[in-house]
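Colleague: Fold the following, please.
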Amino acid sequence: MARNKGPKLGLGKVLLRVFVFFFVSILCGVLISGFVVPVVAFTSTTVGGSIGFYQSLPSQLDVDSPSLSSTVVTADGQHIATFFAENRVKVPLEEMSPFIREAIVAMEDSRFYEHPGVDAQGIMRALSSNLTKGTRQGASTLTQQYVTNVLNESRLSEGRPEDVVLSGEKTMGDKLREIKLALELEKRFTKEQILEGYLNIVFFNRNAYGIEAASRYFFSTSAKELTLPQAALLAGLVNGPSIYDPTAAPEAALIRRNLVLDRMLEQGKITAVDHGVAAATPIELNITPSLQGCAGASIATYFCDYVSHLILNNEAYGSTVQERERLLYRGGLTITTTLDSRLQAVAQQQVDSSAGANPDKWGAALTTVQPGTGKILAMAQNTVFVPQDGKYDTQLNFNVDAKDENGYDLNGAGGFQPGSTMKPFIYAEWLNEGKNPTAVVDASRRVYPVGFPWRSSCGRVLGGYSSAQKAQNLGADDDLQNNDVGYYRPMPINYGLYNSINTATFATAAQLDFCGIQRMVDTVGLHSGLDNAPVNMHQIGNLLGSIGVAPLVLASAYATFANDGTYCKPIAITGISDSQGREYQTQTPECREAVKPAVARGVNAVLQDVMKVGSGVWIEPKVHTRVPVAAKTGTSNNNGATWVAGYTTALATASFFGDTTAGQQRAGQNVTINGKFYKSLDGYMIAGPQWANYMMEATALYPSGPFAAPAPPPPPAPAATVPAVPRLTGR
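Modeller: Numbers count the residues shown, from 1 in each chain. This is a model prediction of the structure:
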């Protein structure tokens with residue numbers, strides 16, 4: 001006779017187990033029948049207290065949708081990123097393979113369709129096994145497991161992870177609560193609804209919650225397409241996700257999978273042939289890592305980061321940051337953005353090619369907005385969000401402000417000196433005051449001494465300009481510089497603009513009201529990229545762009561000219577909905593008339609000449625030969641920030657190349673970029689081709705027409721003859 005290998009028990013332990021056996025047997029019968037009756041044999045305080053405790057338990061379970069992943073997509077439906085606290089995608093039961101439905105029932109609760117939520121036979125069988133064999137066999141039904149998952153999910157969603165109760169940690173009170181809620185749950189929901197809820201909530205792996213996420217993670221397929229061996233593997237996993245993890249313990253996973261197949265065969269859910277084929281199939285994983293948030297974005301990493309900050313900063317999505325984070329990471333949102341994946345791909349390719357391997361960490365950035373709507377269609381930069389060997393890594397977004405208008409963080413770099421891209425706004429004020437676009441100004445003047453009679457009708461005090469100190473009070477000995485010799489002379493104002501002559505800009509401003517210049521800059525949305533403060537145009541150095549401005553802000557300002565003078569605030573999100581179909585507040589176009597149409601058309605006319613005969617003449621390819629374009633080059637005082645900002649009637653794009661390191665003080669002089677030496681960087685050199693190559697492809701996707709013709713100018717004053725001077729470089 002074989003020896004009994006079970007544990008030897010003392011008399012006291014045997015009696016205790018017998019007591020528990022009878023108590024739970026009676027209690028189980030009581031619960032299932034729905035009545036609590038006196039039990040003469042067990043009128044002890046323990047039994048009475050347990051029954052009283054049971055009666056006091058809540059019978060209603062709030063079965064809210066479990067924590068679901070949120071997805072960010074482009075306007076054309078391409079995936080950008082997924083946010084989750086638990087990687088879960090909810091799917092209806094009919095979107096799950098019948099194999100997984102049968103496998104999970106066969107392995108976890110074979111009497112699922114027969115019991116009312118609690119299985120008396122299962123409890124008695126488990127107790128018998130535990131008492132006679134010394135095992136620890138459980139008896140929770142699928143419904144009870146679902147209750148436990150719902151309760152734990154609620155605790156996690158409320159930020160109470162310490163209150164999560166694992167199966168091996170349940171007290172008698174926990175079990176009683178679970179039993180009562182399971183019984184009540186079965187009265188409210190069908191078996192199919194419970195099974196669907198269970199399969200959507202159950203934990204498979206730290207990368208996969210619910211059957212859809214598990215299918216995608218382990219097999220790169222959907223729950224609907226699971227094969228029999230795949231379904232059996234996942235069904236076996238839920239009982240011990242770490243023990244049967246096929247990536248870490250393939251042998252244990254295989255044994256467990258085949259056990260599931262055996263159970264399915266025993267219960268008549270599959271044929272012997274199906275069982276044999278499935279059991280002989282090796283485990284074939286196709287892992288798709290579940291990448292979290294913008295760090296795992298498939299495209300447009302920094303745009304994704306911008307979108308996430310817009311949500312986390314907005315009280316429309318929750319009164320506290322914690323509530324907003326919960327919605328983003330657990331709310332199952334579908335966030336539809338304005339991004340065009342086609343433009344984004346082109347933009348990314350251009351910024352990546354601008355600097356090559358880039359060991360010196362020069363930054364390239366490009367943003368496109370749509371005139372008339374403010375929609376951000378592309379946003380790219382030449383860095384990586386997560387450190388990689390040989391790559392320039394940063395989490396700062398070069399294209400956006402450091403903070404929004406309310407002081408909330410946007411994770412932006414804070415802008416870069418726009419240089420001569422500020423000049424069109426001074427010219428716009430010239431036209432706004434009714435002056436002749438071809439009037440001659442004295443660009444020979446290089447000194448504006450302290451006390452020069454600048455005009456400010458609003459009484460603000462003006463600060464001076466110093467070429468040496470950039471924005472200090474102007475002294476009599478300060479000498480305003482142009483980029484090229486031969487331009488210190490009288491010239492038409494439009495000629496001075498498209499050739500980007502600094503002395504012409506100062507001569508223009510000398511005849512304007514600085515309060516008008518300030519209003520012009522403010523109305524097109526220009527502001528400091530660091531703190532969102534207005535660009536103070538009463539500080540004379542800002543005529544040449546000494547305050548950092550973000551590419552997104554500059555592109556939106558230029559879009560005002562493209563849109564016949566109507567400014568539209570940039571927007572990134574057009575739709576947010578959750579799995580229940582609830583719609584959330586999103587951004588809608590906020591547009592206003594900022595510049596008179598006649599003024600915008602006058603600016604457009606001059607900026608078209610920039611690419612034809614002005615500071616952008618050396619830029620290749622020649623976009624203006626394909627479609628009408630208007631643009632302006634820009635270079636900071638030390639050549640460390642270079643730009644081209646330009647537009648068609650359909651697209652406005654700001655292209656930047658320069659120093660993006662902390663402090664942004666590095667000079668773009670005597671530098672080698674992408675294997676080429678530059679004595680001094682200029683807007684037309686790198687930022688220019690980056691803009692032009694991008695716009696050549698972008699304009700094919702967004703057709704545009706000619707700009708509206710400007711009104712006839714007033715009769716010009718007698719003008720001095722402008723001698724022909726060969727154009728040497730841009731600015």
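
Colleague: which residues touch stretch 185-192?
Modeller: Contact partners of stretch 185-192, identified using CB atoms under 8 Å, 6 or more residues apart in numbering, comprise 61, 63, 93, 112-113, 116-117, 143, 146-147, 194, 197. The way it works is simple: take the backbone N, C-alpha and C, and place the C-beta from them, glycine included.

Colleague: Please disregard the earlier target; I meant stretch 310-321.
Modeller: Contacts for stretch 310-321 (CB under 8 Å, 6+ apart): 323-328, 335, 404, 406, 408-410, 572-573, 576, 584-585, 587.

Colleague: switch to 6 Å and redo it
Modeller: Contacts to stretch 310-321, defined as CB atoms under 6 Å, 6 or more residues apart in numbering, come from residues 324, 327-328, 408, 585.

Colleague: filter those to the buried ones?
Modeller: Neighbour counting with 16 or more other CB atoms under 10 Å marks 324, 327-328 as buried within those.

Colleague: can you put the contacts of stretch 185-192 in a markdown table and add distance to residue 691, neighbour count and secondary structure?
Modeller: As requested, the contacts of stretch 185-192 are exported to a markdown table (distance: CB to CB, whole Å; neighbours: other CB atoms under 10 Å; DSSP: H, G, I helix; E, B strand; the rest coil):
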| residue | distance to residue 691 | neighbour count | secondary structure |
| --- | --- | --- | --- |
| 61 | 59 | 20 | coil |
| 63 | 54 | 19 | coil |
| 93 | 52 | 18 | helix |
| 112 | 63 | 19 | coil |
| 113 | 66 | 11 | coil |
| 116 | 70 | 15 | coil |
| 117 | 66 | 26 | coil |
| 143 | 62 | 28 | helix |
| 146 | 57 | 28 | helix |
| 147 | 60 | 26 | helix |
| 194 | 58 | 24 | helix |
| 197 | 53 | 23 | helix |
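
Colleague: Lowest-confidence one in those residues?
Modeller: Lowest pLDDT of the contacts of stretch 185-192: residue 63, 74.

Colleague: residue contacts, residue 97?
Modeller: By CB under 6 Å, 6+ apart, the neighbours of residue 97 are 224, 226, 231.

Colleague: Can you tell me how far it is from residue 335?
Modeller: 29 Å (CB to CB, to the nearest Å).

Colleague: Equivalent analysis for residue 583, please.
Modeller: 12 Å.

Colleague: Same check on residue 315?
Modeller: Taken as CB to CB, the span from residue 315 to residue 335 is 17 Å.

Colleague: which one of these two has more residues nearby?
Modeller: residue 335 (25 against 11; other CB atoms under 10 Å).

Colleague: Surely the more buried one touches residue 575?
Modeller: No - using CB atoms under 6 Å, residue 335 is not in contact with residue 575, being 7.5 Å away.

Colleague: Quick check on residue 363: phi, psi?
Modeller: phi -110, psi 140 (degrees, to the nearest 10).

Colleague: Across the sheet, point out what pairs with it.
Modeller: Taking DSSP bridges as the rule, residue 363 bridges to residue 658.

Colleague: likewise the one 4 residues further on?
Modeller: The residues paired with residue 367 through beta bridges, assigned by DSSP bridges, are residue 379, residue 654.

Colleague: can you tell me which residues contact it?
Modeller: 379, 399, 551-552, 555, 654.

Colleague: Much appreciated, bye for now.
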